[in-house]
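Asks: Next comes the sequence, and after it the predicted model I'd like to discuss.
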Amino acid sequence: MNRFFKIFTPVVCVCLAAGSAGAQQNKKEIPAADVISRSIKAVGYEVGGGATKVIFIGTTAAPQASGEAKVDAKKAGTDIDLKVKGMPQPTTLGAEFLTYVLWTITPDGNTTNLGEIPIDKNGNGKVSVTAQSQTFSMIVTAEPYFAVELPSELVVLENDTKKNTKGKIYPDNNYQLMKRSQYAKLGNPLALAPDLKKVPLDMYEARNAVDIAKSQKAEQYAPEVFAKATSSLQMAENSLSSGAEKPQIITNARQTIQFAEDARALSAQRQEAERIQKEKDAAAAEAAAKAKAEADAEAKRQAELTAAREAQMKAEADAAAARQKAEADAAAQKAAYEQAALQAKEQAAKEEAARAQAQTAALRAQLLKQLNEVLQTTDTPRGLVVNMADVLFETNKYALSQDAQLKLAKLSGIIQAHPGLNLAIEGYTDTTGTPDYNLKLSQQRADAVRDFLVTQGLPADTITSKGLGQADPVADNSTAAGRKLNRRVEIIVSGEVIGARMGK
C-alpha cells in the first residue's frame, strides 16, 4: 500500500494533539502476527438530533477508571467532549507507556487516533475533539507516544451506552489491536517514572518513539526516515539542555515523535513486503521442482514406451519379411507388408495422441492442485477458475488487502512455473448500488488484480481484465450470504498446455 508521511503540529495544550488527530485517517497494514482482535459496542449517533451521553467503563487493566462523553453528531463531523477520572499513571501499567489516546472504531474496523488525553496527578483528564464519522465505538488505550497509528492491546476504557443514549446500537464491532510486544521489545526503554517538573512529557514520548522505532529495525529498513527522527531528537535534546522556551522544546519533541512513528510504520511495511517476496520465491521454487520431477518421470516412461514400441515394430517387420519370403506371389507379399506398415503407423499415431492427451491432463490436474493450495479453484470448460472472495477487498473499495497480495504473489509464482498460460480476470458485484457503479467497481477490482500480477513478473500481454458488475450471479442477491458470494473476482487460467482455450 502507499504510505503518506504526516507531521503532527502541536496545539495550545501542551499534552493534547487533538488538532493532529484528523491526519490519521488511513488504516495501516500491520503484519498479522503482530495484532489481536476484539469486539465492542458501537453507536450510530443521530445527525442533528442534539447531544447525547455515553459512559466509559474501566477494563481489568484499570478497573477503578471511568469516564463520560457528550457526543453531538453534525453534518460537518461529530463533536466529542470526554472527561475521565480514576486513571492510573500510564507508567504504572508498563514503563513503555507514557500517555493515553482516545480512538474511534468504525463498523468496518478502521481505527482513528483522535488525540492524546492529558491527566493530572489525581488521574483526572478531559479532551474535546471532532470525529469525521457518525457511527463508531470509542476506547482509550495506554500508548508509548501520542502519534501511534494502531491502538495497543492495553485498553483501559471502553464506551457503553446509558438508558437515554440517543442512537442505533451495534453490539458487535470488531477491530484490531497492536500486541504490546511491539512496544516492549527493548524491555524497559525508560526505566524511570517521568519527572515532568523538569522535562515535558513530550520529550519522554520522543525518546520512547525513537527507541521503539529502532527496536522495530527502522534503522535497517527505513534509514532515510529514521535518520530524520534521530536528528530531530538531537535537536529537541539540545533545546532542552540549552534552556529554550517550553513551546519550542515541545514542538521539536512532537516533530521527533511523528518522524519516529513514520519510520516504525515504514519499517514494518518493508519487512512485510520482504516476507511476502520470500514466500513467493519459495512457492515458485517448489512449483518448479515439482514440475521438473514430474517431467523427468514422464520422460523416463516415454523412453520405456518407445523402446517397447520399437521392439514390437521390429518383430512385426521380421514377421512381414518371413511372410514375404514364403509367399510366391511378390505382389501379394508387397501388399501385405504395406498394410502392416500402415497399421503400425496408425497405431503409433493413436498412442502418440493418447500420450499427449494424458500429459496435458496430468499437467492440468497438477496445476489445479497447486492453485487450490492458494485459493479455491474449479476445473471448468473455460479453464481453471480461481475464485477470490470479497473478503480480499474492503467494502466498496478495490485496494488489495495484505492477505490478497500474499495469495496473488504465491499464485504468480505457480503460473510462472508453467509457461504458455493465459489469465482472464473478471470482476463481479452483488446488486447493491446502481448498475453503473457496480460495473465501475468490478472493473477497478479486476484491474487491481491484473496490475498486481504484472508487478509480480507475469507478462502483461497474457493477462486481461474485465468488470462485469452484477451480471452472472452465483447465488441469490436477496440474502446477505448470497450477495457475499456474488462479490468476487474470478481468474480464468487457460492455455493449450492444459488443454483449455478461452471462450464464453
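Replies: Received, thanks. Bear in mind the structure is a predicted one, so any value in this text is a computation, not a measurement. Residues are numbered from 1 along each chain as shown.
Asks: after the helix or strand hosting Tyr204 comes which helix or strand?
Replies: Tyr204 belongs to helix 201-215 when assigned by DSSP states H and E. Moving toward the C-terminus from helix 201-215, the next helix or strand (DSSP H and E) is helix 218-221.
Asks: tell me the mean pLDDT over the helix or strand that comes right after that following helix?
Replies: Remark: after helix 218-221, the chain's next helix or strand is helix 223-241, criterion DSSP H and E. For helix 223-241, mean pLDDT is 91.
Asks: between the helix or strand following helix 223-241 and helix 201-215, how big is the angle?
Replies: For helix 223-241, the succeeding helix or strand toward the C-terminus, using DSSP H and E, is helix 246-326. Angle of helix 246-326 versus helix 201-215, following axes from the mean of the first three to the mean of the last three CA atoms, to 10 degrees, is 20 degrees.
Asks: other SSEs contacting the next helix or strand after helix 246-326?
Replies: Following helix 246-326 in sequence order, the next helix or strand is helix 330-372 (DSSP H and E). Other helices and strands packing on helix 330-372, by 3 or more CB pairs under 8 Å, 6 or more residues apart in numbering; DSSP states H and E, are helix 246-326, strand 377-380, strand 383-389, helix 402-416. (Glycine included, C-beta is placed from N, CA and C.)
Asks: so how far is helix 330-372 from its chain's centroid?
Replies: 49 Å (CA atoms, centre = their mean, to the nearest Å).
Asks: That one versus strand 383-389: what angle between them?
Replies: Using the same axes, to 10 degrees: helix 330-372 against strand 383-389 is 0 degrees.
Asks: Closest to the centroid, which residue in this protein?
Replies: Geometric centre of the chain, nearest residue: Gln402, 1.4 Å, by CA atoms, centre = their mean.
Asks: so it touches Glu272, yeah?
Replies: Yes - using CB atoms under 8 Å, Gln402 is in contact with Glu272, at 6.8 Å.
Asks: From Gly123, how far off is Ala362?
Replies: Between Ala362 and Gly123 the computed distance is 70 Å (CB to CB, to the nearest Å).
Asks: One more: Glu116?
Replies: Glu116 is 15 Å from Gly123, by CB to CB.
Asks: Would you mind telling me which of these two has the busier surroundings?
Replies: Counting neighbours by other CB atoms under 10 Å for Glu116 and for Gly123 shows that Glu116 has the greater number, 30 against 15.
Asks: wouldn't that one be in contact with Val101 here?
Replies: Yes - between Glu116 and Val101 there is a contact under CB under 8 Å: 5.9 Å.
Asks: which neighbours do the two share?
Replies: Both Glu116 and Val101 are contacted by Phe146, under the criterion CB atoms under 8 Å, 6 or more residues apart in numbering.
Asks: by contact count, what packs against the helix holding Tyr204?
Replies: Helix 201-215 packs on helix 223-241, helix 246-326, going by 3+ CB pairs under 8 Å, 6+ apart.
Asks: Can you add mean neighbour count and distance to Gln64 and give these back as a markdown table?
Replies: Formatted as a markdown table, those follow (neighbours: other CB atoms under 10 Å; distance: least, CB to CB, whole Å):
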| stretch | mean neighbour count | distance to Gln64 |
| --- | --- | --- |
| helix 223-241 | 18 | 34 |
| helix 246-326 | 16 | 29 |
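Asks: Those: which one's closest to Lys83?
Replies: Within the helices and strands packed on helix 201-215, the stretch nearest Lys83 is helix 246-326; the backing value is 23.7 Å (CB to CB).
Asks: can you give me the offset of that closest one from its chain's centre?
Replies: 23 Å.
Asks: next one: stretch 74-82
Replies: That offset, for stretch 74-82, works out to 31 Å (CA atoms, centre = their mean).
Asks: average model confidence for it?
Replies: pLDDT averaged over stretch 74-82 gives 95.
Asks: Give the buried residues for it.
Replies: Using 16 or more other CB atoms under 10 Å as the test for burial, stretch 74-82 gives 78, 80, 82.
Asks: In CSV, list the C-alpha atoms belonging to it.
Replies: Taking Å, rounded to 0.1, in the frame of the first residue of the first chain, the C-alpha atoms of stretch 74-82 are listed here in CSV:
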residue,chain,number,x,y,z
LYS,A,74,-23.4,17.2,13.0
LYS,A,75,-23.1,17.3,9.2
ALA,A,76,-19.5,18.5,9.4
GLY,A,77,-18.5,15.9,12.0
THR,A,78,-19.2,14.6,15.4
ASP,A,79,-18.1,16.6,18.4
ILE,A,80,-16.9,14.6,21.5
ASP,A,81,-16.3,16.1,24.9
LEU,A,82,-14.7,13.4,27.2
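Asks: which residues are in contact with that stretch?
Replies: Here stretch 74-82 has contacts from 45, 47-48, 51, 56, 67-72, 102, 114, 117, 126-134, 136, 138, using CB under 8 Å, 6+ apart.
Asks: so of those, which ones are in strands?
Replies: 56, 67-72, 102, 114, 117, 126-131, 136, 138 (DSSP state E).
Asks: how does the chain divide into domains?
Replies: 18-276, 291-362, 371-498 (automatic domain parsing).
Asks: which residue packs closest to Leu408, ignoring adjacent ones?
Replies: Computed as CB to CB, 6 or more residues apart in numbering, the closest residue to Leu408 that is not its neighbour in sequence is Phe452, at 5.4 Å.
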